[in-house]
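*Asks:* Kindly return the folded structure for what I paste below:
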Amino acid sequence: MRRRQFISLLGGAALTPIATTPAFTDSQANCAVPAKRDDGWSVSSANADNDVDQAALCRMADRLESSGANIHAVLVARHGRLAFERYFRGSDEVPSRFFGVRVTDVSFDANTLHNLKSCSKSVASLVVGIAIDQGLIRSIDEPVFSFFPELSDLRSPDTDRILLSHVLTMSMGLKWVEATPATGDDNDEVRMHMAPDASRYVLGLPVTAPAGQEFFYNTGALALLSAIVRKATVRPLDEFARTALFDPLGITEFQWNRFKGDSDAGGGLRLRPRDMAKIGQLVLAGGRWNDRQIVSKAWIEASTTMKLRATDGQSYGYLWWLRSTQLNGRVVQSIAAQGRGGQSIRIVPELDLVVAVTAGYYQDYSPEAFKLQYGVFREVLQAISPPV
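*Replies:* Residues are numbered from 1 along each chain as shown. Modelled structure (predicted):
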């Protein structure tokens, strides 16, 4: 019941345009000021002219905390500076030696690694872009089977048409039951991880549509992508990501799970929320971070341009979600990495804005839970001054 009450706060009155901003109280000022850390982020002060209504964001965060919503962190960057940072206490799935994961209560802070779930896919897209930039992968037009000569017995006229671009756009045309709480263990993700060879399992699935014709969400595509990066770079994807992406971004701590030697590119990455926001800022800046070009601007533009209509009114690029949002009578376009449970990195280029959110709704696919998670982003938008 408490969550439904909170939904009404974020889904209705809280989304009306913000009026005049009251003066900061001491507690609001403390809430609004991100800590200065040696991690490459410039930070805003409480009274900085960054076009962010920090008091409104503090009020939103206070409501999140008092409502019992299972939001773990909200970070906002504007004009290349971290403008808002708030962490909460909530239940989370954390790694466990004996049970894989266990659910426990966590007090989150700037040092807490968080499971990105399927936001990992968008980070993997950046890694693929770097491999292409470096000439380690020739082109997105490479046939998938060119990377897997050992699986030639699975080839057919239909599967020969599957290109790397179709892996990146979730349009391989293969039958797939995605893992959700509703599917339980009866899904292809579980079966893939139990199979001796994940790539053989995925490429051996029945063809249901011509490659490239339609979007169909398939985490198995990321098992192929992880193996392709390993074959192309002669390193597991997470190791290549460390040197080619994370080190240049100043990301010093992360965890990326592996299955049978390959990185779980579909959902196994854990990052700190500040580093999630760095990923968003990198995309916003056309592949640059602190005056260093890490990913080519050409790849950023290609991967965040619509390739297919997806689900829920969204479109899809190369493992990035794209959508339009109404804001005070105008439409703004956003780019997003999205992960199960409420993980998101959202980029709004016309507002020069990045929003990173973590949460713990892993087993809740209800409309109320989704409305709550997206409502946080909409509240942040209401607190952002439009461009002149």
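*Asks:* what sits against the residue nearest to Arg161 when sequence neighbours are not counted?
*Replies:* Nearest non-adjacent residue to Arg161, counting by C-beta to C-beta, 6 or more residues apart in numbering: Ala211, 4.6 Å away. C-beta: built from backbone N, CA, C; applies to glycine. Contact analysis of Ala211 by C-beta atoms under 8 Å, 6 or more residues apart in numbering lists Asp158, Arg161, Ile162, Leu163, His166, Ser171, Met172, Gly173.
*Asks:* Return the member of those nearest to Asp53.
*Replies:* Using C-beta to C-beta, Ser171 comes nearest to Asp53 of these, at 40.3 Å.
*Asks:* Pull up the per-residue confidence for that closest one.
*Replies:* On pLDDT, Ser171 comes in at 98.
*Asks:* Now for it, how many residues are close by?
*Replies:* Ser171: 25 surrounding residues under other C-beta atoms under 10 Å.
*Asks:* Excluding chain neighbours, give the residue nearest to it in space.
*Replies:* Gly212 (5.1 Å).
*Asks:* C-alpha coordinates for stretch 138-148, PDB please?
*Replies:* Extracted as PDB, the C-alpha positions of stretch 138-148 are listed here (Å, rounded to 0.1, in the frame of the first residue of the first chain):
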ATOM      1  CA  ARG A 138      36.000  -5.100 -39.200                       C
ATOM      2  CA  SER A 139      32.300  -4.100 -39.500                       C
ATOM      3  CA  ILE A 140      28.800  -4.400 -38.100                       C
ATOM      4  CA  ASP A 141      28.000  -6.000 -41.400                       C
ATOM      5  CA  GLU A 142      30.100  -9.100 -40.600                       C
ATOM      6  CA  PRO A 143      28.100 -12.300 -40.700                       C
ATOM      7  CA  VAL A 144      27.800 -13.800 -37.300                       C
ATOM      8  CA  PHE A 145      29.100 -17.200 -38.400                       C
ATOM      9  CA  SER A 146      32.300 -15.600 -39.600                       C
ATOM     10  CA  PHE A 147      33.200 -15.400 -35.900                       C
ATOM     11  CA  PHE A 148      32.100 -19.000 -35.200                       C
END
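*Asks:* returning to that earlier point: distance-wise, check the residue nearest to Arg161 relative to Thr159.
*Replies:* 8 Å (C-beta to C-beta, to the nearest Å).
*Asks:* just to revisit the earlier point, and the contacts of Ala211, which are buried?
*Replies:* Neighbour counting with 16 or more other C-beta atoms under 10 Å marks Arg161, Ile162, Leu163, His166, Ser171, Met172, Gly173 as buried within those.
*Asks:* Let me know the closest of those residues to Arg270.
*Replies:* Taking C-beta to C-beta as the measure, Arg270 lies nearest Met172 of these, at 27.2 Å.
*Asks:* which residues sit in contact with the closest one?
*Replies:* Contacts of Met172 by C-beta under 8 Å, 6+ apart are Val144, Ile162, His166, Ala211, Phe216, Asn218, Ala221.
*Asks:* and if we set it to 10 Å?
*Replies:* Listed by C-beta atoms under 10 Å, 6 or more residues apart in numbering, the contact partners of Met172 are 144, 159, 161-163, 166, 202-203, 205, 207-209, 211-212, 216, 218, 220-221, 224.
*Asks:* among the residues you listed, which ones are buried?
*Replies:* Using 16+ other C-beta under 10 Å as the burial test, the contacts of Met172 include 144, 159, 161-163, 166, 202-203, 205, 207, 211-212, 216, 218, 220-221, 224 as buried.
*Asks:* quick revisit: the residue nearest to Ser171 reaches Asp158, doesn't it?
*Replies:* No - if you go by C-beta atoms under 10 Å, Gly212 and Asp158 don't touch, sitting 11.7 Å apart.
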